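K.L.:
no sequence on hand, only this structure:
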C-alpha cells in the first residue's frame, strides 16, 4: 500500500500530523492581522513573502485549550499548500517528521462531527496516538468567497 511521510505537531496534550506532501514550510508565527467578518477557525491573516495568507486556529476549531496561541514565542505556523489554497495552521510546536506505512493508519471514531470530518485517521506509535489532519478539508469550515472579502 505504500508509505506516507508526516509532520507531527502538538496542540495541548494531543499530537496531530499533516501529510508532508501538503507542508510547504514551518515558520515562527508573528503579528497576525485580525480582519472583520471572519469565523472562529480562520480569524487572522499573516503576510509571508508579500502574500496574504489566512491563519487557521486548529486549537479553536478542535475545541482544544492551550495557553499562548500566537502570543507564545514558541508557537509556529505550518504553511500548508493543498494545490488549490495556501494557509497557515497555528501549532504549539512541531515535534517530528516521520515515515510510516499507510496500513498503520487506523480509522478514527470521532466524538464530534467536526473532528470526524477533518481527521483522516489515527496512528499508534509506542504509547503515542497521533491524529492525521486532512489539510484539504480545513478551509471547508469557511466560505472561500468570504475569505477573499475579509482581506
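P.N.:
Sure, I can see it. Predicted, not measured: the structure shown is a model, and the values here were computed from it. Numbering: from 1, shown residues only.
K.L.:
residue ranges of the strands in this protein, please?
P.N.:
According to DSSP state E, the chain carries its strands in the segments 3-11, 14-19, 23-28, 42-48, 51-56, 76-81, 86-91, 93-101, 119-125, 128-133.
K.L.:
each with direction, which strands does the second one pair with?
P.N.:
Applying DSSP bridges, strand 14-19 is found paired with strand 3-11 (antiparallel), strand 128-133 (parallel).
K.L.:
chain center to the first one: distance?
P.N.:
Right, strand 3-11. Centre-to-centre, strand 3-11 and its host chain are 10 Å apart (Cα atoms, centre = their mean, to the nearest Å).
K.L.:
residue contacts, the residue positioned nearest the centre of the chain?
P.N.:
Nearest residue to the geometric centre of the chain (Cα atoms, centre = their mean): residue 89, 4.2 Å. Going by Cβ atoms under 8 Å, 6 or more residues apart in numbering, residue 89 touches 18, 55, 56, 58, 77, 78, 80, 133, 135, 138. In this view, the C-beta of every residue, glycine as well, is placed from N, C-alpha and C.
K.L.:
which one of these is nearest to residue 117?
P.N.:
residue 138 (9.9 Å; Cβ to Cβ).
K.L.:
pLDDT score for residue 48?
P.N.:
According to the prediction, residue 48 has pLDDT 88.
K.L.:
residues in contact with it?
P.N.:
Counting by Cβ under 8 Å, 6+ apart, residue 48 touches 27, 79, 88.
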